[in-house]
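Undergrad: Sharing a model that was predicted from the sequence below.
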Amino acid sequence: MTSLHRLRTMVVALLVPVLLTACASGRGGTVPYEVKNFGQPDAPVAAGPDVEYRIGSLDQLGVVVYRVPDLSGDLQVDAVGNVTMPLIGNLTAIGKTAAELAAEIKKKLGEKYMNDPEVQVTVKSASSARITVDGSVANPGVYALQGRMSLIQAIAMAKGTTDDANPHRVVIFRQINGQRQAAAFDLKSIRRGEMPDAEIFGNDIIVVDGSASKSTFKNIVSTVPLLALFRPF
């Protein structure tokens, strides 16, 4: 183990107990509240008029090779970003637009198997349009992001908080400016209208504090750069 790794391990070991010092009756921990510019993540959750969506891991694709139904169908991008096509084999899909992947499939098929094939690729389900709700909620898991969604709606989708939850301390982890960032929210303050209800974006990880969330916080915080927790957002 390198000295840098040992230092990181020691700092994280010291940081995690601080993050978990909040009792079930109030706020606490190092993750800041009232974050002013905890806005949209780096990657768009869907293609817009000015942005071409780029395929991500676990996206569900629809591939049509016209007049060849045996080569058409649904494909899922695997965890490392590849898809497997009949005749062609593995292709790298991650980071490409649907049009770029269609052009590559067309080229591969045209090289050996078909004369000027027509290929269309569509993104049927984007993995970036999913969120994770974990910690002290009744039904933790990965959920589809259905249009615009708020933090309260996301918690409701997970069947609400459990009896041992601390509703004053809910943390959202999000990738912003190339770094995973974290911000804390108070569900009770939101319900009373004292704090704005946060908008949720694709790939957000929401963790509700409480006894069920301790290992979750530990695992996620260990992947967050320390500066991202302490910097002014």
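TA: Yep, that arrived.
Undergrad: before we move on, which element is residue 143 in?
TA: Per DSSP states H and E, residue 143 falls inside strand 141-144.
Undergrad: Revised request: answer the last question for residue 78.
TA: Residue-wise, residue 78 maps onto no helix or strand under DSSP H and E.
Undergrad: Tally up the residues packed near it, please.
TA: 14 (other Cβ atoms under 10 Å). All C-beta spots, glycine's among them, are computed from the backbone N, C-alpha and C.
Undergrad: Could you check how far it is from residue 137?
TA: 29 Å (Cβ to Cβ, to the nearest Å).
Undergrad: got it, and residue 80?
TA: Distance, residue 80 to residue 137, using Cβ to Cβ: 30 Å.
Undergrad: same question, residue 187
TA: On the measure of Cβ to Cβ, residue 187 and residue 137 end up 11 Å apart.
Undergrad: Give the residues shared as contacts by those two.
TA: Shared contacts of residue 187 and residue 137 (Cβ atoms under 8 Å, 6 or more residues apart in numbering): 155, 161.
Undergrad: which one of these two has more residues nearby?
TA: Neighbours per residue, other Cβ under 10 Å: of residue 187 and residue 137, the larger number sits with residue 137, 25 against 21.
Undergrad: And the pLDDT at that one?
TA: pLDDT, residue 137: 94.
Undergrad: Helix, strand or coil: sort out the spatially most central residue of the chain for me.
TA: Centroid-nearest residue in the chain: residue 203, 1.6 Å away (criterion: Cα atoms, centre = their mean). Per DSSP: H, G, I helix; E, B strand; the rest coil, the secondary structure class of residue 203 is coil.
Undergrad: Would you state the strands of this structure in chain order?
TA: 60-65, 73-76, 82-85, 89-92, 119-125, 130-135, 141-144, 149-150, 165-176, 179-185, 199-200, 205-210 (DSSP state E).
Undergrad: Can you lay out those as CSV showing mean neighbour count and distance to residue 103?
TA: Shown next, in CSV, are the strands of the chain (neighbours: other Cβ atoms under 10 Å; distance: least, Cβ to Cβ, whole Å):
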stretch, mean neighbour count, distance to residue 103
strand 60-65, 18, 13
strand 73-76, 15, 16
strand 82-85, 17, 13
strand 89-92, 13, 11
strand 119-125, 18, 8
strand 130-135, 22, 27
strand 141-144, 14, 29
strand 149-150, 18, 34
strand 165-176, 23, 29
strand 179-185, 21, 33
strand 199-200, 20, 34
strand 205-210, 25, 34
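Undergrad: Columns distance to residue 40 on top of those, output as CSV?
TA: Output for these, formatted as CSV (distance: least, Cβ to Cβ, whole Å):
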stretch, distance to residue 40
strand 60-65, 23
strand 73-76, 26
strand 82-85, 28
strand 89-92, 27
strand 119-125, 19
strand 130-135, 14
strand 141-144, 18
strand 149-150, 13
strand 165-176, 8
strand 179-185, 12
strand 199-200, 8
strand 205-210, 15
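Undergrad: right, and those - which one's nearest residue 41?
TA: For residue 41, the closest of those is strand 165-176, at 5.0 Å, according to Cβ to Cβ.
Undergrad: So what's the gap between that closest one and the chain middle?
TA: 14 Å (Cα atoms, centre = their mean, to the nearest Å).
Undergrad: Repeat that for stretch 94-107.
TA: The answer for stretch 94-107 is 23 Å, by Cα atoms, centre = their mean.
Undergrad: Same check on stretch 63-83?
TA: Taking mean C-alpha positions (Cα atoms, centre = their mean), stretch 63-83 and its chain are 24 Å apart.
Undergrad: So for it, first residue to last residue, what's the gap.
TA: 11 Å (Cα to Cα, to the nearest Å).
Undergrad: Brilliant, that's me finished.
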